[in-house]
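1. here you go, sequence then predicted model.
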Amino acid sequence: MLPQEFIYQLKQANPIEQVMGSYVQLIRAGSLLKCNCPFHSEKTPSCVVYADTQDPHFYCFGCHAGGDVISFIRQIEGIGYMDAVRMLAERAGMTVPSQSQDNREENMRMRLLELNRAAANYYYKQLTGPDKRGLMYLKERALRPDIIKKYGLGFAGDKWDGLLNAMQQLGFTETELLAANLCGRSQKTNNLYDKFRNRVIFPIIDLRGNVIAFGGRTIEKGGEPKYLNSSDTPVFKKGRNLFSMNFAKKSQSKRLILAEGYMDVIAVHQAGFENVVASLGTALTPDQCRLMRQYADEVVISYDSDAAGQNATVKAVNLLRAVGLRPRILHMHDAKDPDEYIKKFGAPYFRKLLEDADDALTYELKRCRDGTDPASEDGTITALHKAVNVLAGIENELDRNVYLSRVAKDYDINPEILKSQVEREIRKRRAGAKKLDWQRRITAPMLRDPVNPDATQHHAEAKAEEQILCYLFRQPDALESVLARIKPEEFVTAFHRKVYEKLAELLPQGYDFSLSLFSGEDFTPDETGRIAGIPAKYEEIEINPRTVEDCIRTLKQKPMQDVNIENLSDDEASAFFAQLRQNKR
């Protein structure tokens, strides 16, 4: 098995829409791409490319081919897995690592996670050590002791080798300290030194509770940089993680608050809003938006009110909408950030601010005039065309008419003329969507899937297994709780058991869910296509913990043909027939 980080980089360097676009003609259909399937004859497109998802892949609703970009090359070129990897690596100018590196990589990952946890414990203890500057800073920022403990906040003093010595005493090597980006090497002396000094430390924790990186805020006046963040390591990719997502995912709200930095997040969390996150020292990325989409439908952007914050808001709106999230914009007056606002006005006023946040539609309609001359006819026409596209995207007719009236008034145009243009655009979009939906329906599988022949005799169980797997594809951090309820050997169909075993093997090791986990030599192209078809099949169906519990109950019910009634006691036989009656009802 090749290192997953290499596979991720390979797929990033070979976007699936670009690779497939060199073999077939792709047509845009909303947020998706479609094409005539290259693996079977058809006149209408039934192959859908999910390019704008966290795990880009394709799936054909006609012949059930599917998978990631590696699977596509493997099938279209008729070559093996490693040959497909080499072909894509050559296309991107990359070198394929030796597979013998995989064990070394996995061992290093586990060691770095252990090292990060030990470092976090060291920093936390330093906070209450002789040097109280870090603790005083947090108290000045009005953080409560319980919040400091909850986030595991710490302190790095002014020693050049404080962490270095402490970690070496625990058995960690210089190589590991460098790989974790906790230490650097001096060019003058060639000695190692602590990366974080004179800083309050913010541990960054992933969805599984692993400490994967750190952020440090200087406590020195004029200290630069103000914030120092871990660089990417084998266990941390800043563009794929969010600060405090481990807490926000537990919120019952389907709304997330997107703040700009660590202190904003912690201040908002302390004020009673657990559903708050922030990017990690970089601009918001598509991967981070897809991560939020797993837990929320709406995101309130709560960036700083300065020019940089407003520019970041513009970019965030587009990224959030691209993955299907509803962005709203928080407008703070008399405060530069959420931390300052809450200190000035309190949590109740911040809650009201959240409820009154502008929707992104208002924001987008205002932006339609950007780059145009409002005094010229051409500028007005250009802005109106942009506004028509925005208005046509509003599904609710009442909401659409409210915005339409506002736009007509702003542009001094007859509302009926504007409405006719918007309705024409809506009809155009609906016709395209209806055609695609019909194509999906008529090409849906009518016969049993030969990849999973056991499903023919165990239809209900196979469906239950499928939904459990789909739930784990969407919520990989739920694996531990699901495994506690149902073991792989309790799966009825061999194929689904094989997939479940793979998830149980790799996800606890810190891997994110990806079709790449199933595109190696252990899975055939047909099997990979079947796996890709599971999320496609349940794309518009909610699978929640209650659904999973029902599925587990289905699998744990012993099939009637497996029960020898003659060997049952009277009580067991009574319970067995009662269950049969219940099942029949």
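-> Good, I have the coordinates. Here the structure is a predicted model, which is why all the values come from computation and not from measurement.
2. wait, Ala142 sits on Lys344?
-> No: Ala142 is not in contact with Lys344 according to Cβ atoms under 8 Å; the separation is 11.7 Å. The C-beta positions use only the backbone N, C-alpha and C, and glycine is treated the same way.
3. how about the strands in the stretch 1-150 of the chain?
-> Under the criterion DSSP state E, counting those that start in this stretch, the stretch 1-150 of the chain contains strands at 27-29, 32-35, 47-50, 57-60, 66-67.
4. likewise the stretch 251-400 of the chain?
-> According to DSSP E, counting those that start in this stretch, the stretch 251-400 of the chain carries its strands in the segments 255-259, 276-278, 298-302, 326-329, 358-359.
5. domain map for this structure?
-> Listed by automatic domain parsing, the domain ranges of the chain are 4-92, 101-236, 245-364, 368-442, 453-584.
6. which residues of this protein score low on pLDDT?
-> For the chain, applying pLDDT under 70 flags the ranges 1, 41, 43, 99-103, 436-449, 558-585.
7. mean neighbour count, the strands of the stretch 1-150 of the chain: which tops it?
-> strand 66-67 (a mean of 28; mean count of other Cβ atoms under 10 Å).
8. list the helices and strands that one packs on?
-> Judged by 3 or more Cβ pairs under 8 Å, 6 or more residues apart in numbering; DSSP states H and E, the packing partners of strand 66-67 are strand 57-60, helix 525-537.
9. sheet partners, orientation included, of it?
-> Paired neighbours of strand 66-67 in the sheet (DSSP bridges): strand 57-60 (antiparallel).
10. ok now the partner strand, how far from the chain's centre?
-> Mean-position distance between strand 57-60 and its chain equals 19 Å (Cα atoms, centre = their mean, to the nearest Å).
11. who touches that strand?
-> Here strand 57-60 makes contact (Cβ atoms under 8 Å, 6 or more residues apart in numbering) with 16, 20, 37, 39-40, 46-50, 65-68, 71-72, 515, 529, 532-533, 536.
12. redo that, cut-off 6 Å
-> Counting contacts by Cβ atoms under 6 Å, 6 or more residues apart in numbering, the residues outside strand 57-60 that touch it are Cys37, Ser46, Cys47, Val48, Val49, Tyr50, Gly66, Asp68, Leu515, Ala532, Gly533, Ala536.
13. dump that strand to PDB, restricted to CA.
-> Taking Å, rounded to 0.1, in the frame of the first residue of the first chain, the C-alpha atoms of strand 57-60 are listed here in PDB:
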ATOM      1  CA  HIS A  57     -14.700  10.800  -7.900                       C
ATOM      2  CA  PHE A  58     -17.000   9.600 -10.700                       C
ATOM      3  CA  TYR A  59     -19.900   7.100 -10.900                       C
ATOM      4  CA  CYS A  60     -21.900   5.800 -13.800                       C
END
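14. could you list which residues are in contact with Lys336?
-> Taking Cβ under 6 Å, 6+ apart as the test, what Lys336 contacts is Asp304, Ser305.
15. how near is it to Glu395?
-> Distance, Lys336 to Glu395, using Cβ to Cβ, to the nearest Å: 36 Å.
16. secondary structure of Ile204: a strand, I assume?
-> Yes: counting by DSSP: H, G, I helix; E, B strand; the rest coil, Ile204 is found in a strand.
17. how near is it to Ala259?
-> 15 Å.
18. more crowded one of those two?
-> Applying other Cβ atoms under 10 Å to Ile204 and Ala259 shows that Ala259 carries more neighbours, namely 29 against 25.
19. re earlier: want to throw the helices and strands packed on strand 66-67 into TSV with distance to Ala375?
-> Below are those laid out as TSV (distance: least, Cβ to Cβ, whole Å):
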stretch	distance to Ala375
strand 57-60	48
helix 525-537	50
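20. most tightly surrounded among these?
-> Highest mean neighbour count among the helices and strands packed on strand 66-67 (mean count of other Cβ under 10 Å): strand 57-60, with a mean of 26.
21. pull the number of nearby residues for the closest residue to Glu220 other than its chain neighbours.
-> Nearest non-adjacent residue to Glu220, counting by Cβ to Cβ, 6 or more residues apart in numbering: Asn198, 5.4 Å away. Using other Cβ under 10 Å, Asn198 has 17 neighbouring residues.
22. what's the local residue count around Asp412?
-> Asp412 has 7 neighbouring residues, counting by other Cβ under 10 Å.
23. what's the answer for Leu207, then?
-> 18.
24. equivalent analysis for Tyr124, please.
-> For Tyr124, the count of nearby residues is 18 (other Cβ under 10 Å).
25. for the one 4 residues further on, same thing?
-> Residues contacting Thr128 under the criterion other Cβ under 10 Å number 13.
26. and what of Gly379?
-> A count of nearby residues for Gly379, using other Cβ under 10 Å, gives 14.
27. how about the one 10 residues further on?
-> By the criterion of other Cβ under 10 Å, Asn389 has 15 neighbours.
28. name the nearest residue to it, sequence neighbours excluded.
-> Distances taken as Cβ to Cβ, 6+ apart put Glu425 closest to Asn389, at 6.7 Å, once the chain neighbours are dropped.
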